[in-house]
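1. Need a 3D model of the following:
(chains A and B)
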Protein chains: 2
Amino acid sequence: MDRFMLAAIEEARQGLGEGGIPIGSVLVHDGKILGRGHNRRVQKGSAILHGEMDALENAGRLPASVYRESVLYTTLSPCPMCSGAILLYGIPRVVIGENQTFMGEENLLHSRGVQIEVLQSEECIDLMRRFIAEKPQLWNEDIGV
Amino acid sequence: MDRFMLAAIEEARQGLGEGGIPIGSVLVHDGKILGRGHNRRVQKGSAILHGEMDALENAGRLPASVYRESVLYTTLSPCPMCSGAILLYGIPRVVIGENQTFMGEENLLHSRGVQIEVLQSEECIDLMRRFIAEKPQLWNEDIGV
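-> You can find the predicted model right below:
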């Protein structure tokens, strides 16, 4: 598998090990990871640090020109908030681990010209399936259900 | 003016005083402010702490049922990221200080059933006009331009 998706999965597993929600993400520019992160709802009591948001935050302040040549990798289909962040910064391409356990705003992203690739990784699906089965309430909280 | 919009403007002015971008927000439930915040791009080197996101973060982890009875007040029309957060959590109503200096994703919010009220506050417009004239590059960075 792509080494950047492997890095995103590594982040997801780290989050799981911390007692958190196993979703990870990396922001890549010019073959280099600018920021990596994972969901920190549990770890930081955060309502906004989804994996993608954490990766964007850890990448720090960047000029628009960098985002516009970047790729965001995420282990799970991005929710409305993370999709909105992708649109805000004009990130042109998103590689998604899976969208079987949760379907985010892929249609919206597509309609705005964002290129989407879904890998349907069994590893990503398995991570989320187990987590959702174990902690359904925590998962629902994370997606506003 | 509504005391909650006054609180959002107070947040915006606090941000300006810190050398930041003057946008503030409060999350209100049952007549009480659950979280308040302002843009912290400059103060925290943050790419994700727009005013609305900061208010949501400061409100902490909340069950879906609370968001669904809440109102988000923001001094400026919400960008794609903040609009996405509103959609993620199913916040049903957004009161906006102004949309003259920046038009966010009001159409998207409306199409998803979010009730929007725009006050066109001269105070909010004036805050942003002065800021954009003084620091156009910082403003562009904040909206990914």
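2. ok but A:Ile9 is inside a helix, no?
-> Yes. According to DSSP: H, G, I helix; E, B strand; the rest coil, A:Ile9 belongs to a helix.
3. quick one: it and chain B, what's the gap?
-> A:Ile9 sits 22 Å away from chain B, going by Cβ to the nearest Cβ, to the nearest Å. To be clear about C-beta, it is placed using only N, CA and C from the backbone, and glycine gets the same treatment.
4. partners of A:Thr74 in the sheet?
-> Beta-bridge partners of A:Thr74, counted by DSSP bridges, are A:Ser25, A:Ile96.
5. same deal with A:Ile33?
-> Here A:Ile33 sits in beta bridges with A:Val28, as judged by DSSP bridges.
6. Burial check on it, number of neighbours?
-> Residues lying near A:Ile33 (other Cβ atoms under 10 Å in any protein chain shown) number 17.
7. if I pick it, what's in contact with it?
-> Residues in contact with A:Ile33 (Cβ atoms under 8 Å, 6 or more residues apart in numbering or on different chains) are A:4, A:7, A:26-27.
8. Please dump these into JSON lines; it should also carry neighbour count, pLDDT and distance to chain B for every row.
-> JSON lines is the format used below for those (neighbours: other Cβ atoms under 10 Å in any protein chain shown; pLDDT from 0 to 100; distance: Cβ to the nearest Cβ, whole Å):
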{"residue": "A:Phe4", "neighbour count": "20", "pLDDT": "98", "distance to chain B": "19"}
{"residue": "A:Ala7", "neighbour count": "18", "pLDDT": "98", "distance to chain B": "19"}
{"residue": "A:Val26", "neighbour count": "30", "pLDDT": "98", "distance to chain B": "15"}
{"residue": "A:Leu27", "neighbour count": "28", "pLDDT": "98", "distance to chain B": "10"}
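9. Identify, from those residues, the entry nearest to A:Gly90.
-> A:Leu27 (12.9 Å; Cβ to Cβ).
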